[in-house]
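Asks: Here is the input, now give the coordinates:
(2 chains, ligands or ions: 2)
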Amino acid sequence: MNQIIKKIRMLEKKNNQKDMTKINNTKAETSRQMVVLNVYRANTHRNDLPRVEKFQIPVQRWMTVLDALLFAKSYLDSSIAIRYSCRMASCGSCGMKINGVPKLACYTKISELQGNTITCEPLSNFPHIRDLVTDFSQFFEHHKEMAPFIHNNNADIKDENKLSEFKQTPQDVDNYLQFSYCIKCGLCYSACPTVATDTKFPGPQALSQAYRYYADTRDDLSNRRLNAVDGKHGIWRCHFAGSCSKVCPKGVDPALGIQLLRGHIMGYSRNENKIAKLRDPT
Amino acid sequence: MKISNEWVNNRENREGIKGWLNPSRYGWERISYWFQRLTGVFLLVYFIGHVYETSSLLRGENAWNAMLEITQTPGGHIFLILVIGTSTFHSTNGIRLIFTHGGKGLGNPGRPDYPYDAISLNYRQRSGIWVALILAAIAMLYGSAVLFSGK
Ligand code: SF4
Ligand code: FES
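Replies: Ligands and ions are numbered 1, 2, ... in the order given. Purely as a prediction, here's the structure:
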């Protein structure tokens, strides 16, 4: 028994060390007193000429780009338009291009950016509204096209006595779990080179959500989703540039979902289409 | 500081082909995507030229020899070396993409953890891109050695 406990402790220690090296290796930090924040300003509905406004921001440790923007909004110019809510990479509202790359402002620390100037611009591939705020209607439409919900004819949700739960193994869950972490922040949509030129392409977010529900054994709407993605402007237009997965802040890896879904369509992977059984409610 | 008017007129705000022009923002996979397109377009132009070149046979031996002369100039050699490099990269990287497009070699979905690196952008893929680039460089070096040595 003692030996087993010893072994578990050793493994824990090893894993902790591994985690720490992983964290230490991820981002080199730069410390500085002040940064210049370049903020893109324009109101599209008033046909404003776009301009960049500069703000001097005193930097504190752990300060994020969203903190810097809120500092500018509170003390320097209250008219800056930003969309944000949770401040913890959960709501997906604060996506913008930071130094040219789509990122969440609340999840990007100033210390991990190089140089003394930080440029914030609205996300590309989304219609512009004002300053850093863009219109997500088309993005959400693409998401809706994929029927992003679980549908199962065997589940009777109207009769309370028949309400039950599906039986899934941990492996069944792992097949779709990471794709369900998507917060619809649109960073992948902004980075994708196909979305940049084809308005009808559903984009990495919607396509990976099609796979998320396709891979879920509780769902029986696979055919509808496959029809939605299998078109001239559909899944075949993805060329695996991988930029969506590069910018995704939640580890969803949309490029993986898209390739796996395509593998199923082309018959690279066995398509068992197993539907989970319901537990007997009695 | 003012920015071009184009932005205001373009409410859609699509990056367009301009988005491809700076592939360095998104890592090696985006560079490989860009190279694959660029080499594809180049090879298409080459194939059209190649069909035109071989069709000169229909106009007799002299026309064919005159056409071959063009490839014997330094400019023609450089063009052929580019054809060797682009076709090697395009086909090697293309073989990698045939597998990845069906989800092979990308890893399995799991439980993402900090710092949330994507498993599909793994070392196997990156090595594949490097192998394609190195093979293209070797093929070009060999091609230039043969062409410029005049054998
Ligand atoms: S897949 Fe990632 S980057 Fe794309 S919307 Fe979802 S969370 Fe954002
Ligand atoms: S404010 Fe919610 S994700 Fe950034």
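Asks: how about the strands in chain A?
Replies: A:34-41, A:51-58, A:95-98, A:101-104, A:117-121, A:128-130, A:133-134 (DSSP state E).
Asks: For ligand 2, which of those is the nearest?
Replies: strand A:101-104 (4.7 Å; C-beta to the nearest ligand atom). Quick note: C-beta positions are derived from backbone N, CA and C, even for glycine.
Asks: what about the closest one, near ligand 2?
Replies: Yes. Applying C-beta under 6 Å from any ligand atom, one finds strand A:101-104 touching ligand 2 at A:Leu104.
Asks: could you give me the average pLDDT of that strand?
Replies: Mean pLDDT, computed over strand A:101-104, is 97.
Asks: do it and ligand 1 meet?
Replies: No. Using C-beta under 6 Å from any ligand atom, strand A:101-104 never reaches ligand 1; the gap is at least 7.8 Å.
Asks: Give the buried residues for that strand.
Replies: Judged by neighbour count (16 or more other C-beta atoms under 10 Å in any protein chain shown), strand A:101-104 contains these buried residues: A:Pro102, A:Lys103, A:Leu104.
Asks: Now flag whichever of the residues you listed is closest to A:Gly203.
Replies: A:Pro102 (12.5 Å; C-beta to C-beta).
Asks: For A:Thr134, see how far away the closest one is.
Replies: Between A:Pro102 and A:Thr134 the computed distance is 11 Å (C-beta to C-beta, to the nearest Å).
Asks: now do A:Ile157
Replies: 36 Å.
Asks: Pull up the residues of the stretch 151-282 of chain A that are close to ligand 1.
Replies: A:182-188, A:204-205, A:208, A:247-248, A:250, A:252, A:254.
Asks: change it to 8 Å
Replies: A:179, A:181-189, A:191, A:204-205, A:208, A:244, A:247-250, A:252, A:254 (C-beta under 8 Å from any ligand atom).
Asks: quick check, nearest of the buried residues of strand A:101-104 to chain B?
Replies: Chain B lies nearest to A:Pro102 out of the buried residues of strand A:101-104, by C-beta to the nearest C-beta, at 9.3 Å.
Asks: Can you give me the buried ones in the strand or helix carrying B:Ile31?
Replies: Element membership of B:Ile31, judged by DSSP states H and E, is helix B:28-55. Using 16+ other C-beta under 10 Å as the test for burial, helix B:28-55 gives B:28-37, B:39, B:42-43, B:46.
Asks: With stretch B:96-106 instead?
Replies: Applying 16+ other C-beta under 10 Å to stretch B:96-106 flags B:Arg96, B:Leu97, B:Phe99, B:Thr100, B:His101, B:Gly102, B:Gly103, B:Leu106 as buried.
Asks: Help me confirm that the third one is found in a helix?
Replies: In other words, B:Phe99. Yes. Assigned with DSSP: H, G, I helix; E, B strand; the rest coil, B:Phe99 falls within a helix.
Asks: For it, give me its contacts.
Replies: B:Gly105 (C-beta atoms under 8 Å, 6 or more residues apart in numbering or on different chains).
Asks: confidence score at it?
Replies: 95.
Asks: Same question for the last one.
Replies: You'll see B:Leu106 listed with a pLDDT of 95.
Asks: which stretches of chain B aren't confidently modelled?
Replies: B:1-11, B:150-151 (pLDDT under 70).
Asks: Give the burial count for the residue of it found nearest chain A, as a bare number.
Replies: Using C-beta to the nearest C-beta, B:Pro112 is the residue of chain B that sits closest to chain A, at 2.8 Å. B:Pro112 has 19 neighbouring residues, counting by other C-beta atoms under 10 Å in any protein chain shown.
Asks: For it, grab phi and psi.
Replies: The phi and psi values for B:Pro112, taken as degrees, to the nearest 10, are phi -60, psi 140.
Asks: got a list of what it touches?
Replies: A:Gln178, A:Tyr181, A:Lys250, A:Gly251, A:Val252, A:Asp253.
Asks: Distance check, it against B:Ser120.
Replies: Distance from B:Pro112 to B:Ser120, by C-beta to C-beta: 12 Å.
Asks: residues near B:Tyr123, how many?
Replies: 8.
Asks: before we move on, what about A:Cys94?
Replies: Neighbours of A:Cys94 (other C-beta under 10 Å): 24.
Asks: can you check A:Ala191 too?
Replies: For A:Ala191, using other C-beta under 10 Å, the count is 30.
Asks: what's the answer for B:Thr71, then?
Replies: Based on other C-beta under 10 Å, the number of other residues close to B:Thr71 is 13.
Asks: Give me the phi and psi angles of it.
Replies: Dihedral angles (degrees, to the nearest 10) for B:Thr71: phi -80, psi -10.
Asks: Run through the residues that contact it.
Replies: Contacts of B:Thr71 (C-beta under 8 Å, 6+ apart): B:His77, B:Phe79, B:Leu80.
Asks: Would you show me how to pick out the buried ones of those in PyMOL?
Replies: Here is the PyMOL command that selects the buried residues among these (16+ other C-beta under 10 Å):
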select buried, chain B and resi 77+80
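Asks: Now the contacts of B:Thr71 in CSV, please, with extra columns for distance to A:Ser93.
Replies: Listed next are those as CSV, based on distance: C-beta to C-beta, whole Å:
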residue, distance to A:Ser93
B:His77, 57
B:Phe79, 52
B:Leu80, 54
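Asks: so of the contacts of B:Thr71, which ones are in helices?
Replies: B:His77, B:Phe79, B:Leu80 (DSSP state H).
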